[in-house]
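**Q** sequence? don't have it. structure:
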């Protein structure tokens, strides 16, 4: 299974709810456990909840085991 998908934006592009909604839609096919969005300056992480079709923001990614 896929652990992480990363969406990279240009530094002058602010991350928004639309950015996360977009990567989450892609992920309903790919089924990664975690998502990350970065513009190289700010990094945001979330964990997928496929059963409830939502995601939860995290302060950081858990260590890969």
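**A** Done, it's in. Only a predicted model underlies this, so the values are computations on that prediction, with no experimental measurement involved.

**Q** now the helices for this structure?
**A** Ranges of helices within the chain are 17-30, based on DSSP state H.

**Q** all strands for it, in order.
**A** Using DSSP state E, the strands assigned to the chain run over residues 4-8, 34-38, 43-49, 54-58.

**Q** Can you say which of those is packed in most?
**A** strand 34-38 (a mean of 19; mean count of other CB atoms under 10 Å). (C-beta placed from N, C-alpha, C; glycine too.)

**Q** Quick one: work out the angle between it and strand 4-8.
**A** Interaxial angle of strand 34-38 relative to strand 4-8 (axes from the mean of the first three to the mean of the last three CA atoms, to 10 degrees): 20 degrees.

**Q** ok, strand 34-38: who's next to it in the sheet?
**A** Paired neighbours of strand 34-38 in the sheet (DSSP bridges): strand 4-8 (parallel), strand 43-49 (antiparallel).

**Q** The first one - what's its average pLDDT?
**A** If I follow you right, that is strand 4-8. Across strand 4-8, the average pLDDT comes to 93.

**Q** now swap in the longest one and tell me
**A** Here the mean pLDDT over strand 43-49 is 92, rounded to a whole number.

**Q** circling back: is it possible to export the strands paired with strand 34-38 to JSON lines including distance to residue 37?
**A** Formatted as JSON lines, the strands paired with strand 34-38 follow (distance: least, CB to CB, whole Å):
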{"stretch": "strand 4-8", "distance to residue 37": "5"}
{"stretch": "strand 43-49", "distance to residue 37": "5"}
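
**Q** and residue 29, which of the ones you listed is closest to it?
**A** If you check each of the strands paired with strand 34-38 against residue 29 by CB to CB, strand 4-8 wins as the nearest, at 10.6 Å.

**Q** just to revisit the earlier point, okay if I get the strands of the chain as JSON lines plus distance to residue 15?
**A** Shown next, in JSON lines, are those (distance: least, CB to CB, whole Å):
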{"stretch": "strand 4-8", "distance to residue 15": "9"}
{"stretch": "strand 34-38", "distance to residue 15": "5"}
{"stretch": "strand 43-49", "distance to residue 15": "6"}
{"stretch": "strand 54-58", "distance to residue 15": "11"}
